[in-house]
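Student: need a structure here:
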Amino acid sequence: MQNFISYSKLVALLEGNAGAMPVGIVATTDAKARKTNNPHGVITKTVRAVGFVGADYETSVQNQTLAAGVKNPDFQADSLPWGEWLVPSKVIQHKGKLYLRTQTTAGMRRNQSARVLAYRDEKGRFIARDEAAKFLPPVRESAKQTDAGLEGAKSQVWVRTYAFDSLERIRIAGRTYVPVAD
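Tutor: Numbers count the residues shown, from 1 in each chain. As a prediction, the model looks like this:
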């Protein structure tokens, strides 16, 4: 039996849990494929990932730099570049849409990395991982985190933002929900 949860109830659930908390998600998003010579058009990816919502990004990066042996890390996070916080460090509201913000550290990714379940073309047909990879951008590192002493994207704190309408499932506090628009 699937537990459906409206977007507004999901926001209330996230808001009602103070501090950082782990979430597991399955989401289908635009893979941001390059358009040049791409016979597939828009490529989507379905991913299963685990991350934290509600964690303070600046503190996470500072802790990560200390763990990497950087003495007196000098890192200050920029303000949110778009939208506004509906639930700080958890839910962003932008142009009438809701977004879930997650973050992971290198240690989290070693223990439970995100996994791409499928790539599809704009007509919904499956694309082999190797074929899709030809058109996908590389993972970029954060210049600010590099300046603070975290070399390479694999050692950095990753922030991912998922539109609520891309979430197929979300697991919070041992329960799995299927988000649906109000």
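Student: Give me the nearest residue to the residue sitting nearest the centre point of the chain, chain neighbours excluded.
Tutor: Among the residues of the chain, the one closest to the centroid is Arg160, at 2.3 Å (CA atoms, centre = their mean). Excluding its sequence neighbours, the residue lying closest to Arg160 (CB to CB, 6 or more residues apart in numbering) is Thr102, at 5.0 Å. Any C-beta I mention is one placed from the backbone N, CA and C, and that applies to glycine too.
Student: Next up, the contacts around Ser8.
Tutor: Asp182 (CB atoms under 8 Å, 6 or more residues apart in numbering).
Student: That one should be in a helix, yeah?
Tutor: Yes - judged by DSSP: H, G, I helix; E, B strand; the rest coil, Ser8 forms part of a helix.
Student: Where does pLDDT dip in the protein?
Tutor: 1 (pLDDT under 70).
Student: picking up where we left off before, is it correct that the residue nearest to Arg160 is in contact with Gly51?
Tutor: Yes - look at Thr102 against Gly51 with CB atoms under 8 Å: they come within range, at 3.2 Å.
Student: shared neighbours, the two?
Tutor: With CB under 8 Å, 6+ apart, Thr102 and Gly51 have common neighbours Val23, Ile25, Arg160.
Student: A strand includes the second one, no?
Tutor: Yes - the secondary structure assignment for Ile25 places it in a strand, going by three-state DSSP.
Student: hmm, back to that, the residue nearest to Arg160 - how many residues pack around it?
Tutor: 24 (other CB atoms under 10 Å).
Student: is the closest residue to Leu117 other than its chain neighbours in a bridge, and if so with what?
Tutor: Spatial nearest neighbour of Leu117, excluding adjacent residues (CB to CB, 6+ apart): Thr46 at 4.5 Å. Note on Thr46: beta-bridge partners by DSSP bridges are Thr28, Ala118.
Student: distance from the centroid: which residue in this structure tops it?
Tutor: Lys71 (28.5 Å).
Student: List the residues that contact that residue.
Tutor: Per CB under 8 Å, 6+ apart, neighbours of Lys71: none.
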